[in-house]
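**Student:** Pasted the sequence and its predicted model underneath.
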Amino acid sequence: MSDELMDYDEVLKRYEPVLGLEVHVELSTASKMWCGCPTTFGSEPNTHVCPVCLGLPGSLPVVNRKAVEAAIRIGLSLNCDIAKWCRFARKNYFYPDMPKDYQVSQYDEPLCFEGHVEVEVGGVAYDIPIERVHMEEDAGKLTHVGGLGRIQGADYSLLDYNRAGVPLMEIVTKTIHGTGTAAPQVARDYMEFLRDMVRALGVSHGRMERGNLRCDVNVSLMPIGSTELGIRSETKNVNSLKSVETTVRYEIMRQGAILSAGGRVKQETRHWNEAGFTSPGRSKETAEDYRYFPEPDLVPVAPDPAWVEELRASLPEHPSKRRARLQQTWGVTEREFGDVLAVEGALDLIAATVDAGCAPAAARKWWLTELARQANDLNVPLEDVNITPAQVAEVQALVDSGSLNDKLARAVIEGVLAGEGSPAEVVASRGLAVVSDTGALSAAVDAAIAANPDVAAKIRDGKVAAAGALIGDVMKAMRGQADAAAVRALIMEKLS
Amino acid sequence: MSELIRTDASELGQLIASGQASSVEVTRAHFERIAQVDDDVHAFLALTEDAALAQAARVDERIAAGEKLGPLAGVPIAVKDLLCYTQAPTTASSRILEGWVPPYNSTVVNRLIDAGLVILGKTNLDEFAMGSSTETSAYGPTHNPWDLSRIPGGSGGGSAAALAAFMAPLAIGTDTGGSIRQPAAVTGTVGVKPTYGGVSRYGIIAMASSLDQCGPDARNVLDAALLHEVIAGYDPRDSTSINVPVPGVVEAARRADVKGLRIGVVKELGGEGYAPGVEKRVGEAIDALVAAGAELVEVSCPHFEQALAAYYLIMPAEVSSNLARYDGMRYGLRAGDDGTNSVENVMRLTRGKGFGTEAKRRIILGTYALSAGYYDAFYGSAQKMRTLIARDFAAAFEVCDVLVSPATPTTAFKIGEKVDDPLAMYKSDLCTIPANLAGIAAGSVPCGLADEDGLPVGFQVMAPALADDRIYLVAAALEHALEAKWGAPLWSRIPELSVSDKTSDKGDK
């Protein structure tokens, strides 16, 4: 890193940052964009290939309907219009990772266009205008051996075409203005919004570390009050939420230093470095001419409007909206809700438990304490703990009806986790039901009063808190299988 | 034996089905003929004798077992070297694919094999099907059996010459701007370019995707129709293939009745630049159809004048992109791989060495036509012209059922005559290009020999998209009328080729 940087806040006193984000989403369709090869990640190189995705002479593409469906659902989720008729286009350039030496993409006729979404940072809502969502194919993977791991200077390069032809969606924003000092956070939250959205739609694994989501980050600065856009840099393939944020921040500081010194920002492609800075990519002397033209091997895509409406009607609620709704209906504070979100998978499990009839507070209590501890001990995700939300709700129902007390309920859950069957089965086999035979209970209370005359006297004098000692004795005598509230009521009745 | 090589495919099919001849015997007769004459004709780039004899034996066994197979089961066929076939290299007549054996079969090859046809080998063509003479083939030109000093047409000159030299009774061609019809015309054979989307393009090396179409070559109309029926039909592997029933081409070829059919003569396809002998024979053919009961209509297709110009922008544009994949990275030729060159240089050297002059010319033209700043003026306006030509056809088909014209402006020219004059060469396709631009069906059927040179003249019949059957109806009616007049098929007048004494131990070339 050799860039001059200017203090972040100083830059933003003088300049307004303008963002543009191009996000590539790798779809999780079972098969590739144009052929039946699987899209599985991490297989032996060149095992998921066929004449089509290898671009062998004579082979032809056929559009994957599921990929078009996914693209439309993404478009609808971003409030886009869906084209009634659009075509694929060839983007022509030579590169060894592209089997045909052109990429089938979309050019001036994207499938989805003119959308917008809102992201909230620190209580302020920012509108992100969406220019387009289009479909294209991924390229193969090049591994450069020797040198610096880049194509220049490598001893040789290895090609894996397993990824070639995997469906990609490109989501392109218009220029994003007015974010001010929040720019890095807005970019990060927008990425997070997209990640959560594609996961909720079930169209992508959304795993940034695997490259399922990659962001090209465009940043420019313009003097505050100006209306003329500055020269932008484009940082390619930024692949984590944190890196998106840092890239924007770094570019603001880098460009601020250049502009303040009276310099000119170079329009260039930059690389993101894990150490937290960007560096110039290979500079191109001339602009690349991709010679786009309509792909003659494919027929136009003309989605039936009725189908589009069907897809619109079946869209899931966006995760951010759902979170807001759940927080409100559960009546929990921001902080309490934060505790839920902090545990991976807890939100869905608690929501499902509530859906099964459990009170939200009880559902939260079970999943965030007893069960979270269990998951932690076993070192597994919470969702892999051996109990279902419905079973948790069942246990809580037994508590609510007085059949179990808290201690017994924990024992029942322990039994379910140990694989002893459903809560009802565990209650039966372990004999854990609370004793509700008032005769036996009454006798135990009488015995406790007789054994502790001094305590009984205190209670008669109005020192209600002393009842705890009697309750303890009764519970001991009942081997825990009594409802503490019922015991207390009986004691008070007898000593009143 | 010699009778078998001059027997119609339909009759060979019957002989084999009825046990009067075996497929192995018929296949051997053709390999023997190839061994005898192909040194002079050079129609084949590769022979697949082992696979052919195995397939022939299989067909014979199935027939002996009482199985009922299709009408062409056991009949030999030659396949243009543009179709992927796992049993031989598929080269597109280019150095850049020399020796490349595809790991998969084209849909058309699979359909041939499934129908019991016996593939003899791969036929010569202009490099990547770019040319009208086979002279751009990296493996040398094919010679016209009517006169070995002349071109057999192109790009499918190898397939047409194989028919005219009796080395195969059937052949497969592809047609982007006339590559089936022009060779058929100049070799006195029958060739049909089906409606775009009628035959699967899967596994056929692309030249210009929006224009390419595979079709049948034969020595008579019924044989072509039988072959058409085998190869046509929807293929889910080709998005541009049409999912409708195949037109009743065989029925039309058998019916051969043009009574009441309205035949439109295209005014623009004739006059200056057309050989008198060609125009004379075409005129007589029209008369023969009228005598058979057809009605004559003169139609004007004013935009045909611009067809050649539009074609030479759209076609090279698609070529420039389709031929990009031949970069030496994955298959075929690789040049400069000695550790001193960057990947870009290896690509550059490979393409420089692997492509011939005509391929390079079209790649450069197409790259230019698609460039930023030129796209609208070139590719964009050519596409508009394409729409206007399609409208000309639509208007013409309002008033007539088929359109007719010469298939080529002249008869076969001399090898070497136009090879250095691309524009003169391109004009060979003047009559055939409009049908490709509009995606309609068209075919060429022989209509006699030109007076001035005694060489075959082709008569072109064009029909609306999906009405391929009308081509066979008109072509068969004309064939009947002319053969009645001549007393024999035109091919009976093909001069005897000198026969070398080699036997069929030639093996794969």
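**Tutor:** Received, thanks. All of these numbers come straight from a predicted model, not from anything done at the bench. Numbers count the residues shown, from 1 in each chain, chains lettered A, B, ... in the order given.

**Student:** Quote the end-to-end distance of stretch B:448-457.
**Tutor:** 6 Å (C-alpha to C-alpha, to the nearest Å).

**Student:** got it, and stretch A:137-153?
**Tutor:** 28 Å.

**Student:** Smallest distance to chain B belongs to which residue of the stretch 1-150 of chain A?
**Tutor:** Minimum separation of the stretch 1-150 of chain A from chain B (C-beta to the nearest C-beta) falls at residue A:101, amounting to 3.6 Å. The C-beta positions use only the backbone N, C-alpha and C, and glycine is treated the same way.

**Student:** shouldn't that residue be in contact with residue B:324?
**Tutor:** Yes: between residue A:101 and residue B:324 there is a contact under C-beta atoms under 8 Å: 3.6 Å.

**Student:** Near chain B, which residues of chain A are found?
**Tutor:** A:51, A:54-63, A:90, A:92, A:94, A:96, A:99-102, A:151, A:157, A:159, A:289, A:291-293, A:296-299 (C-beta under 8 Å from any C-beta of the partner chain).

**Student:** still on that earlier bit, can you check the pLDDT for the residue of the stretch 1-150 of chain A closest to chain B?
**Tutor:** Residue A:101 is assigned a predicted lDDT (pLDDT) of 97.

**Student:** For it, give me its contacts.
**Tutor:** Residue A:101 is in contact with A:55, A:92, A:93, A:94, A:95, B:324, B:325, B:327, counting by C-beta atoms under 8 Å, 6 or more residues apart in numbering or on different chains.

**Student:** ok, now with 6 Å
**Tutor:** Going by C-beta atoms under 6 Å, 6 or more residues apart in numbering or on different chains, residue A:101 touches A:94, B:324, B:325, B:327.

**Student:** Just give me the neighbour total for the nearest residue to the last one once chain neighbours are set aside.
**Tutor:** Just to be clear, that refers to residue B:327. Leaving aside its sequence neighbours, residue B:327 sits nearest to residue B:347 (C-beta to C-beta, 6 or more residues apart in numbering or on different chains; 4.4 Å). Neighbour count for residue B:347, taken as other C-beta atoms under 10 Å in any protein chain shown: 23.

**Student:** can you tell me the helix or strand for residue B:347?
**Tutor:** helix B:343-354 (DSSP states H and E).

**Student:** immediately after that helix, which helix or strand?
**Tutor:** helix B:357-369.

**Student:** now the strands: where do they sit in chain A?
**Tutor:** Assigned by DSSP state E, the strands in chain A fall at A:15-26, A:81-82, A:89-92, A:102-105, A:112-121, A:124-137, A:141-145, A:156-160, A:167-173, A:213-223, A:233-238, A:268-273, A:277-280, A:293-294.

**Student:** Contact partners for the residue nearest the centre of chain B?
**Tutor:** Geometric centre of chain B, nearest residue: residue B:180, 2.3 Å, by C-alpha atoms, centre = their mean. Counting by C-beta under 6 Å, 6+ apart, residue B:180 touches B:156, B:173, B:191, B:193, B:215.

**Student:** what pLDDT does residue B:200 get?
**Tutor:** Note on residue B:200: pLDDT of 98.

**Student:** surely it meets residue B:106?
**Tutor:** No: taking C-beta atoms under 6 Å as the definition, residue B:200 is not a contact partner of residue B:106, at 7.6 Å.

**Student:** Touching, residue B:464 and residue B:397? I think so.
**Tutor:** Yes: with contact defined as C-beta under 6 Å, residue B:464 reaches residue B:397; the gap is 4.8 Å.

**Student:** how far away is residue A:61 from residue B:112?
**Tutor:** 24 Å (C-beta to C-beta, to the nearest Å).

**Student:** neighbour count winner among these two?
**Tutor:** Taking other C-beta under 10 Å, residue A:61 and residue B:112 do not tie; residue B:112 has more neighbours (26 against 23).

**Student:** in whichever strand or helix holds the more buried one, what counts as buried?
**Tutor:** Secondary structure from DSSP H and E places residue B:112 in helix B:107-114. Of all the residues in helix B:107-114, those buried under the rule 16 or more other C-beta atoms under 10 Å in any protein chain shown are B:107, B:108, B:109, B:110, B:111, B:112, B:113.

**Student:** Which phi and psi values does the nearest residue to the first one once chain neighbours are set aside adopt?
**Tutor:** Spelled out, it's residue B:107. Distance criterion C-beta to C-beta, 6+ apart; nearest residue to residue B:107, sequence neighbours excluded, is residue B:200 at 3.9 Å. Torsion angles at residue B:200 (phi, psi; degrees, to the nearest 10) stand at phi -60, psi 140.

**Student:** so what's residue B:200 up against?
**Tutor:** Contacts for residue B:200 were tallied using C-beta under 6 Å, 6+ apart; they are B:107, B:235, B:238, B:241.

**Student:** do that again at 7 Å, thanks
**Tutor:** Residue B:200 makes contact with B:107, B:108, B:235, B:237, B:238, B:241, according to C-beta atoms under 7 Å, 6 or more residues apart in numbering or on different chains.

**Student:** Let me know the closest of those to residue B:356.
**Tutor:** Each of the contacts of residue B:200 was checked against residue B:356 using C-beta to C-beta; the closest is residue B:108, at 25.3 Å.

**Student:** And for the closest one, nearest residue in space, chain neighbours not counted?
**Tutor:** In space, residue B:108 is closest to residue B:231, 4.9 Å off (C-beta to C-beta, 6+ apart).

**Student:** For that neighbour, list the residues it contacts.
**Tutor:** Contacts for residue B:231 (C-beta under 7 Å, 6+ apart) come out as B:108, B:111, B:112, B:199, B:214, B:216.

**Student:** Residue B:282 now?
**Tutor:** B:406, B:447, B:457, B:459.

**Student:** Provide the secondary structure category for it.
**Tutor:** helix (DSSP: H, G, I helix; E, B strand; the rest coil).

**Student:** where's it relative to residue B:406, distance?
**Tutor:** 5 Å.

**Student:** same thing with residue B:41?
**Tutor:** Distance of residue B:41 to residue B:406, computed by C-beta to C-beta: 25 Å.

**Student:** Of these two, which one has the most company?
**Tutor:** residue B:406 (27 against 23).

**Student:** And for residue 259, the neighbour number?
**Tutor:** Picked chain A for this. Residue A:259: 21 neighbours (other C-beta under 10 Å).

**Student:** not quite, I wanted chain B
**Tutor:** Around residue B:259 there are 9 other residues, counting by other C-beta under 10 Å.

**Student:** and the closest residue to it other than its chain neighbours, how many neighbours?
**Tutor:** Leaving aside its sequence neighbours, residue B:259 sits nearest to residue B:293 (C-beta to C-beta, 6+ apart; 3.5 Å). Using other C-beta under 10 Å, residue B:293 is surrounded by 12 other residues.

**Student:** My guess is residue B:293 contacts residue B:258. True?
**Tutor:** Yes: shown here, residue B:293 and residue B:258 form a contact pair, counting by C-beta atoms under 7 Å, at 5.8 Å.

**Student:** Residue A:455 and residue A:470 touch, don't they?
**Tutor:** Yes: contact criterion C-beta under 7 Å: residue A:455 and residue A:470 qualify, at 5.9 Å.

**Student:** Just want to know which of those two has more residues nearby.
**Tutor:** Neighbours were counted for residue A:455 and for residue A:470 using other C-beta under 10 Å; residue A:470 has more, 25 against 20.

**Student:** show me what contacts that one?
**Tutor:** Taking C-beta under 7 Å, 6+ apart, we find residue A:470 in contact with A:448, A:449, A:452, A:455, A:491.

**Student:** and which of the residues you listed is nearest to chain B?
**Tutor:** Closest approach between those and chain B, by C-beta to the nearest C-beta: residue A:491, at 80.0 Å.

**Student:** Need the phi and psi values for the residue of chain B positioned farthest from its centre.
**Tutor:** Relative to the C-alpha centroid of chain B, counting by C-alpha atoms, centre = their mean, residue B:340 is the outermost residue, at 43.1 Å. Phi and psi for residue B:340, reported as degrees, to the nearest 10, are phi -100, psi -10.
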